[in-house]
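Q: here is the input, now give the coordinates:
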Amino acid sequence: MKFITKIFNFFLKSLYAMLDHVGYAKWIGVNMGNNIHIYGNPLSMFGTEPWCITLGNNVHITREVLFITHDGGTLLFRDKVPDLEITKPITIGNNVYIGARSIIMPGVVIGNNCIIGAGSVVTKNIPDNSVYAGVPAKKIKASEEYFESLKEKSLKLGHLNAVDKDKALKEYYNYKK
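A: Sure thing, here's the model as predicted:
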């Protein structure tokens, strides 16, 4: 009976995570500002100490991002030092976008108005108004430079709803099916 209860509880938890990404993150203890967007299932995104993670306002977290709040390597040395533990909080500022499959390591602070490129491993603090990407993440440019390049390259479709944007993109790229 305990086994069935565990499976049922896991199913309910998984269902909640899939249906309400932000609600689930709040429920497990992530500290959140306003206007948080989580794209993709957050079930394993926030690790074992979600209460160590603070998200500012207007934060966009894309799919398969991982927040790592502890150093699991300590397990190899607990036979020598039984109380060995490294756990550090992660703080994300306001107006931050974190690209798909990025990893945010323990103790990192990402400043305000920052963009983290897809697949980045963030091992050090990121200053305000920066675009960082890579493994480990390195500064690419200032946020303002990035914004200027976006304006130059824009297809000017960002205001459209999903259906209309899809239609406009197919027309723009001459997609026929």
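
Q: only C-alpha atoms for contact and neighbour calcs from this point on.
A: Will do.

Q: show me what the top helix by length along the chain is packed against.
A: If each helix of the chain is counted by residues according to DSSP state H, the longest one is helix 2-19. Counting contacts by 3 or more Cα pairs under 8 Å, 6 or more residues apart in numbering; DSSP states H and E, helix 2-19 packs against helix 21-28.

Q: so residue 59 makes contact with residue 97?
A: Yes. Under the contact definition of Cα atoms under 8 Å, residue 59 touches residue 97, with a separation of 6.0 Å.

Q: pull out the buried positions in the longest helix of the chain.
A: 14, 16-17 (16 or more other Cα atoms under 10 Å).

Q: ok, now stretch 74-93?
A: For stretch 74-93, using 16+ other Cα under 10 Å, the buried residues are 88-93.

Q: equivalent analysis for stretch 37-47, please.
A: Applying 16+ other Cα under 10 Å to stretch 37-47 flags 38, 40-43, 45-47 as buried.

Q: for that stretch, C-alpha coordinates in PDB please.
A: The C-alpha trace of stretch 37-47 is given here as PDB (Å, rounded to 0.1, in the frame of the first residue of the first chain):
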ATOM      1  CA  HIS A  37       7.700  32.600 -16.700                       C
ATOM      2  CA  ILE A  38       8.800  29.000 -16.600                       C
ATOM      3  CA  TYR A  39       8.800  27.300 -20.000                       C
ATOM      4  CA  GLY A  40       9.100  23.600 -19.700                       C
ATOM      5  CA  ASN A  41       8.400  21.100 -16.900                       C
ATOM      6  CA  PRO A  42      10.000  22.400 -13.600                       C
ATOM      7  CA  LEU A  43       9.800  19.000 -11.900                       C
ATOM      8  CA  SER A  44      13.600  18.600 -11.500                       C
ATOM      9  CA  MET A  45      14.600  22.100 -12.400                       C
ATOM     10  CA  PHE A  46      15.100  23.500  -8.900                       C
ATOM     11  CA  GLY A  47      16.900  20.500  -7.300                       C
END
